[in-house]
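Could you work out the structure for the sequence below:
(chains A, B, C and D)
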Number of protein chains: 2
Amino acid sequence: MNPNKQQELLDQFKLRHTTCRLDVVAFFLSKKFAIAHIDLEHAFKHQFDRVTLYRTLKTFLEKGIIHKVLDDEGTPKYALCPSACAHLHHHHHDHVHFKCNVCGHTTCVEDIFIPQITLPQGFKVEEKNLLLSGVCPNCSK
Amino acid sequence: MNPNKQQELLDQFKLRHTTCRLDVVAFFLSKKFAIAHIDLEHAFKHQFDRVTLYRTLKTFLEKGIIHKVLDDEGTPKYALCPSACAHLHHHHHDHVHFKCNVCGHTTCVEDIFIPQITLPQGFKVEEKNLLLSGVCPNCSK
DNA sequence: GTTTATGCAAATTCTTTGCAATACT
DNA sequence: AGTATTGCAAAGAATTTGCATAAAC
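Numbering: from 1, shown residues only, chains lettered A, B, ... in the order given. Model (predicted):
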C-alpha cells in the first residue's frame, strides 16, 4: 500500500496530521471490514487514550472520511467511505453490507448496489441500508 | 384487539404468564413501531424494575417472540415477529424496515419484500435486512 | 413443592464532558 | 503565536450480575 495514503486522506478532509489519526486511518485501510471503537481500543491500548479514539471516530464521521455501517450488534461500526463518495457532501452509501456469522466481520460489498424499492404511497425514502448476513467467502472455504 | 392475544402469545412460546410479560407483550401489540428498552422503561416506570424489563426483552428475544430491528441509533430496538415466522426456528425477516427521521419511529413494512440480490461468488446469504429511512406517511402530511 | 421470575443493590461496561498540557500548522 | 488535539479525571448512561423474596405452575 502507498505509504502516504493516510496523509493524503487526512489532507483531503482538511484534518491535522496527528499520530493518532494517521494510525487510525492506517488501521482502517489495513482492514477490509467495519471497525468498532472497541477494535481501536484493543489495537491501540497502550498508545492512545480511549477518549481520543472516541473523538477520532466522531471527527472522522463528521468530516465524512468514514461512514456508519449498520449491524445487528449493539455497538456502531464504521468503514472508510468508498472513493466514489469521498468528495461529495451528500454521501450515497447505496452499496450492500455483508455480515459474516462465522468470523463476525461486516464488510462493504461495494460493487453491488441496492435495487430500487417502491414503498406504499406517502413514504419519502432518503437513505437505504441493506445488510445481508450469512457466510463470507473466506469462511465458507 | 382480542383481549387474550397476550396470553396466547406467551402460551405459544411456552412462557409463564407474569404481569410484566403480559403488559410488555400488550405494549408491543399496541405499537406498530419497534420498541427499545428505554421505551419500556418510560411506559412502565412505576410498575416494573429496569432490570426486569431488560430480562423480559432478553427472554422474548431468545424464545423468538420478538426480533431485533436494525437501526442507525446505538440502542437496539425490537418488534414482534410476524405470524408468518412465529412458529419457525429459523426466522426469516425478509421484509423492509422504515425509519422515519421526523418522528424517529422504525416500522416494519411487512407487505414489501427484499428483492433477490446476487452477491459475488463465495458468499452464502442467510438473512436479509433492509432499512430505508426518510419521512413516513404520518409525518409527511 | 419445585421451578422460574422479580426487585433491589451493586458491579461493569460504554460514552461523554471539562480542563489543563501538548502538538500541529 | 494561535488553534486544534490529546490525556486524565470524573461524570453520566446503559447493561449485567448476585442473591433473597415472591409468584407461577
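
Now do the lengthiest strand in chain A: everything it contacts.
For chain A, the strand reaching the highest residue count under DSSP state E is reported as strand A:124-135. Contacts to strand A:124-135, defined as C-beta atoms under 8 Å, 6 or more residues apart in numbering or on different chains, come from residues A:70-72, A:93-94, A:96-102, A:106, A:109, A:114, A:117, A:119, B:70, B:72, B:101, B:114, B:117, B:119, B:123-135, B:140. Every residue, glycine included, has its C-beta placed from N, CA and C.

From the residues you listed, keep the buried residues only.
Buried by 16 or more other C-beta atoms under 10 Å in any protein chain shown: A:70-72, A:93, A:96-100, A:106, A:109, A:114, A:117, A:119, B:70, B:114, B:117, B:119, B:123-124, B:127-135, out of these.

Contact residues of chain A facing DNA strand D?
A:15-16, A:18-21, A:47-49, A:51-52, A:55-56, A:59, A:74 (C-beta under 7 Å from any atom of the strand).

Show me which pair in those is furthest apart.
Within these, two members stand farthest from each other by C-beta to C-beta: A:Arg16 and A:Gly74, at 31.4 Å.

any weak-confidence spans in chain A?
Segments of chain A classed as low confidence (criterion: pLDDT under 70) are A:1-3, A:83-92.

Quick one: the helices in it, in order.
Under the criterion DSSP state H, chain A contains helices at A:5-12, A:19-30, A:37-43, A:50-63, A:83-86.

could those helices be laid out in JSON lines, adding mean neighbour count?
What follows is the helices of chain A, written out as JSON lines (neighbours: other C-beta atoms under 10 Å in any protein chain shown):
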{"stretch": "helix A:5-12", "mean neighbour count": "15"}
{"stretch": "helix A:19-30", "mean neighbour count": "17"}
{"stretch": "helix A:37-43", "mean neighbour count": "16"}
{"stretch": "helix A:50-63", "mean neighbour count": "15"}
{"stretch": "helix A:83-86", "mean neighbour count": "13"}
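
Close to chain B: what parts of chain A are there?
Within reach of chain B by C-beta under 8 Å from any C-beta of the partner chain, chain A has these residues: A:68, A:70-72, A:74-76, A:96, A:98, A:101, A:109, A:111-112, A:114-115, A:117-137, A:140.

what residues are up against A:Cys139?
By C-beta under 8 Å, 6+ apart, A:Cys139 lies in contact with A:100, A:102-103.

for those, which one is nearest B:His42?
If you rank the contacts of A:Cys139 by distance to B:His42 using C-beta to C-beta, A:Cys100 comes first, at 36.0 Å.

What separation do you get for the closest residue to the closest one other than its chain neighbours and DNA strand D?
Counting by C-beta to C-beta, 6 or more residues apart in numbering or on different chains, the nearest residue to A:Cys100 once its immediate chain neighbours are dropped is A:Cys136, at 3.8 Å. Distance, A:Cys136 to DNA strand D, using C-beta to the nearest atom of the strand, to the nearest Å: 26 Å.

Equivalent analysis for A:Phe27, please.
Distance check for A:Phe27 against DNA strand D: by C-beta to the nearest atom of the strand, it reads 13 Å.

gap between that residue and DNA strand C?
The gap separating A:Phe27 from DNA strand C is 16 Å, by C-beta to the nearest atom of the strand.
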